[in-house]
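Participant: pasting the sequence and the predicted coordinates here, then a few questions.
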Amino acid sequence: MDRNQMQLKIACLRKSFFDEGFLDEQFIQLEDLQDDVNPNFVEEIVGSFYGDSVRLLRNLELSLEKRPFDFCKLENYMHLFKSSSSSIGAIKVKRECTRFQDYCKAGNAEGCISSYQQVKQEHAILRRKLETYFKLARQAA
Amino acid sequence: MGLATESKFHVLAVDDSIIDRKLIERLLKTSSFQVTAVDSGSKALEFLGLHEDDEQISPNKAFTSPINQQEMAVNLIITDYCMPGMTGYDLLKKIKESSFRDIPVVIMSSENVPSRINRCLEEGAEEFFLKPVRLSDVHKLKPHMLKRKNKDGEKLESETDEEQALESLEVIQSLQQEAVAPQIQAIGNSNKRKALELDEVLSQDHRTRPRCSGLTVI
């Protein structure tokens, strides 16, 4: 694949993130913060997000194993995860986080469990997409 | 290091989220500010040389002594609201009760809760930013830092209670409308502009002023 084709592929992939609702305008804000001095800022901050989310998700899972549920604690853990998701523009993940928080507020244990699975799933889907994207971008550079 | 010839404004950023700390740091550095980022309110107080319960001990006690004290002087504090232990609001209160009360404080939050916003503004916060914070928000910081820097012993525009309530009202209104027009966003952020706006507004009773009209558009 020549360079032009590669760049076209990357551009299409990037566009799909927005068209399919995975990312929102916040991601563009991050891209705007990239410059010659910090050319990899987006990849770095996304990397930090995924690194940090391992810990956050672990906390959530441990709390979800306890009975009875501490809904307040669960909601607080999710608050941090949701805030981070929002900061990188991960709008689908954020939406699932909100759903989880709503279940917490309602004291709905089953809802919490199922929506947590959704959060995890969306988180993993986006991770794969972004990893592919950054890998291609690095190859094209 | 030596004396800083181009004295950059120094912002102390406080956020328990590593991602948000990275983001705010990048936003501030892009705007040519010097940044110190800490992960809690108590670390912020430590950096300033304040103990949580006691009076000021000595500046920057927990950190390496600066060669030039002025280089480490904090010109603005920007803090997340929701943090474990000491919230941004608690930190704001402690700052305002300390010898550092003149340092402008800005609160960030991922939640748009008018009562929370109002409480922070009443306690003396200069601005309340909804997360995720953007460059356009960071651009609003300089006027607050300039205002304090130009103080020079002069008592600069001590805001009356009425003016402060008006500020709170305007900020809440602009935040409550999610899709705000740029004009509305622009209000209330430059005190110089505000002085002119407020002259006209204060001649009316702002409490009976209709919610969305009457806001001065730049």
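Facilitator: Received it, and whenever you're ready, just let me know what you need. If you're wondering where the values come from, they're calculated on a predicted model, not measured in any experiment. Numbers count the residues shown, from 1 in each chain, chains lettered A, B, ... in the order given.
Participant: and chain B, is stretch A:101-109 touching that?
Facilitator: No - figure legend: stretch A:101-109 not in contact with chain B (Cβ under 8 Å from any Cβ of the partner chain); closest approach 10.5 Å. From N, CA and C alone the C-beta is placed, and that goes for glycine too.
Participant: from the middle of its chain, how far away would that stretch be?
Facilitator: Averaged C-alpha coordinates place stretch A:101-109 at 21 Å from its chain's average position (Cα atoms, centre = their mean, to the nearest Å).
Participant: and it, what's buried?
Facilitator: By neighbour count with 16 or more other Cβ atoms under 10 Å in any protein chain shown, stretch A:101-109 contains the buried residues A:101, A:103, A:104, A:109.
Participant: which one of the residues you listed sits closest to chain B?
Facilitator: residue A:101 (10.5 Å; Cβ to the nearest Cβ).
Participant: for that closest one, give me its contacts.
Facilitator: Residues in contact with residue A:101 (Cβ atoms under 8 Å, 6 or more residues apart in numbering or on different chains) are A:75, A:78, A:79, A:82.
Participant: close to chain A: what parts of chain B are there?
Facilitator: B:16-20, B:22-23, B:26-27, B:30, B:82, B:110, B:131-132, B:134-135.
Participant: please pick the buried ones from those residues.
Facilitator: Buried members of the residues of chain B next to chain A, scored by 16+ other Cβ under 10 Å, are B:16-20, B:22-23, B:26-27, B:30, B:82, B:110, B:131-132, B:134.
Participant: mind picking the two most distant members of the residues you listed?
Facilitator: B:30 and B:82 (24.7 Å; Cβ to Cβ).
Participant: residues contacting residue 40?
Facilitator: No chain specified, so I'll use chain A. Going by Cβ under 8 Å, 6+ apart, residue A:40 touches residue A:34.
Participant: switch to chain B, that's the one I care about
Facilitator: With contacts defined as Cβ under 8 Å, 6+ apart, residue B:40 is in contact with B:14, B:16, B:83, B:84, B:85, B:86.
Participant: most surrounded residue in these?
Facilitator: The residue in the contacts of residue B:40 with the most neighbours, by other Cβ atoms under 10 Å in any protein chain shown, is residue B:14 (28 neighbours).
Participant: give me the beta-bridge partners of that one?
Facilitator: Bridge pairing for residue B:14 (DSSP bridges) gives the partners residue B:38, residue B:79.
Participant: now it: how far from residue A:46?
Facilitator: Separation of residue B:14 from residue A:46 (Cβ to Cβ, to the nearest Å) stands at 23 Å.
Participant: go on, residue A:26?
Facilitator: 12 Å.
Participant: chain B: helices as residue ranges?
Facilitator: B:18-30, B:41-48, B:69-72, B:88-96, B:114-122, B:135-138, B:141-149, B:161-176, B:182-186, B:191-201 (DSSP state H).
Participant: quick one: the second one to helix B:88-96, angle?
Facilitator: Here the directions of helix B:41-48 and helix B:88-96 differ by 20 degrees (axes from the mean of the first three to the mean of the last three Cα atoms, to 10 degrees).
Participant: average pLDDT across helix B:41-48?
Facilitator: For helix B:41-48, mean pLDDT is 96.
Participant: what do you get for stretch A:93-100?
Facilitator: 97.
Participant: same question for stretch B:150-169.
Facilitator: 58.
Participant: what distance separates the start and the end of it?
Facilitator: Length of stretch B:150-169, first residue to last, Cα to Cα, to the nearest Å: 27 Å.
Participant: try stretch A:101-115
Facilitator: Rule used - Cα to Cα; the end-to-end distance of stretch A:101-115 is 9 Å.
Participant: repeat that for stretch B:77-91.
Facilitator: Stretch B:77-91 has an end-to-end distance of 10 Å (criterion: Cα to Cα).
Participant: I'd like the mean pLDDT over it, please.
Facilitator: On average, the pLDDT along stretch B:77-91 is 96.
Participant: what does that stretch contact?
Facilitator: By Cβ under 8 Å, 6+ apart, the residues outside stretch B:77-91 that reach it are A:79, A:83, B:11-17, B:20, B:24, B:28, B:40-42, B:44-45, B:52, B:92, B:94-95, B:103-111, B:116, B:119-120, B:123, B:129, B:131, B:141.
Participant: just the buried ones from those residues, in ChimeraX syntax?
Facilitator: Entered in ChimeraX, the line below selects the buried ones among these, by 16+ other Cβ under 10 Å:
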select /A:79,83 /B:11,12,13,14,15,16,17,20,24,28,40,41,42,44,45,92,94,95,103,104,105,106,107,108,109,110,116,119,120,129,131,141
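Participant: and the residue nearest to residue B:122 when sequence neighbours are not counted, how close does it get to chain A?
Facilitator: Nearest residue to residue B:122 in three dimensions, chain neighbours excluded: residue B:168, at 6.4 Å (Cβ to Cβ, 6 or more residues apart in numbering or on different chains). Between residue B:168 and chain A the computed distance is 24 Å (Cβ to the nearest Cβ, to the nearest Å).
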